[in-house]
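[1] All I have is the shape, not the residue letters:
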């Protein structure tokens, strides 16, 4: 009986391990769960209509950046990640807004190798409501997943309009 119990527990552990082949770094505004932000954001504000919690990023012409994920590829994932997914909940009035999801690839001297930008406004179909937006990046292209590279991910508002951002997530798989 003990043998069956041990064998059953081993199967459960193996199933849990193979079912989770991704790593997630989360910045909710209220707490950063292994987000590895470069520095404390000055535009993190208490907002009564936050998507979750009490705090959000207010992106405007004065503070156009969200918190920034920044990490060496070799520390992100036990193996070389093949893909990255940058996502966030966004609240905007959409009129003349210009929010971009950015992924930078840098070398070990912080020289920029690649700058990838995706315009989120194409995906925002509602004004003044929280909308989930995500962009996937292929890390196999141009050897973006080389262990010596560093990845930086953030959101950038290129307009004078206020845009609110919550629950920024960087997922690797």
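    Good, I have the coordinates. Since this is a predicted model, take the numbers as computed values, not measurements.
[2] quick one: residue 140 from residue 24, how far?
    20 Å (Cβ to Cβ, to the nearest Å). (Glycine included, C-beta is placed from N, CA and C.)
[3] who has more neighbours, those two?
    Set residue 140 next to residue 24 and count neighbours by other Cβ atoms under 10 Å: residue 24 wins out with 15 against 12.
[4] Confirm the more buried one sits in a strand?
    Yes. Assessed with DSSP: H, G, I helix; E, B strand; the rest coil, residue 24 lies in a strand.
[5] For it, give me its contacts.
    Counting by Cβ atoms under 8 Å, 6 or more residues apart in numbering, residue 24 touches 169-172.
[6] Select from the residues you listed the one having the most neighbours.
    Going by other Cβ under 10 Å, residue 170 tops the contacts of residue 24 with 25 neighbours.
[7] so that residue touches residue 66, yeah?
    No. At 11.1 Å, residue 170 and residue 66 do not qualify as touching, with contact defined as Cβ atoms under 8 Å.
[8] what's next to stretch 156-168, contact-wise?
    26-29, 35, 47, 50-53, 55-61, 64-67, 69, 86-93, 95-100, 102, 117, 130, 155.
[9] List the buried residues of that stretch.
    Buried residues in stretch 156-168, defined by neighbour count with 16 or more other Cβ atoms under 10 Å: 156-157, 159, 161, 163-168.
[10] Would you point out the helix or strand in this protein whose mean pLDDT is lowest?
    helix 2-19 (a mean of 31; mean pLDDT, DSSP states H and E).
[11] and the contacts of stretch 156-168, which of them are in strands?
    26-27, 55-59, 69, 86-91, 99-100, 102, 117, 155 (DSSP state E).
[12] Now which of those residues would you call buried?
    Neighbour counting with 16+ other Cβ under 10 Å marks 26-27, 55-59, 69, 86-91, 99-100, 102, 155 as buried within the ones in strands among the contacts of stretch 156-168.
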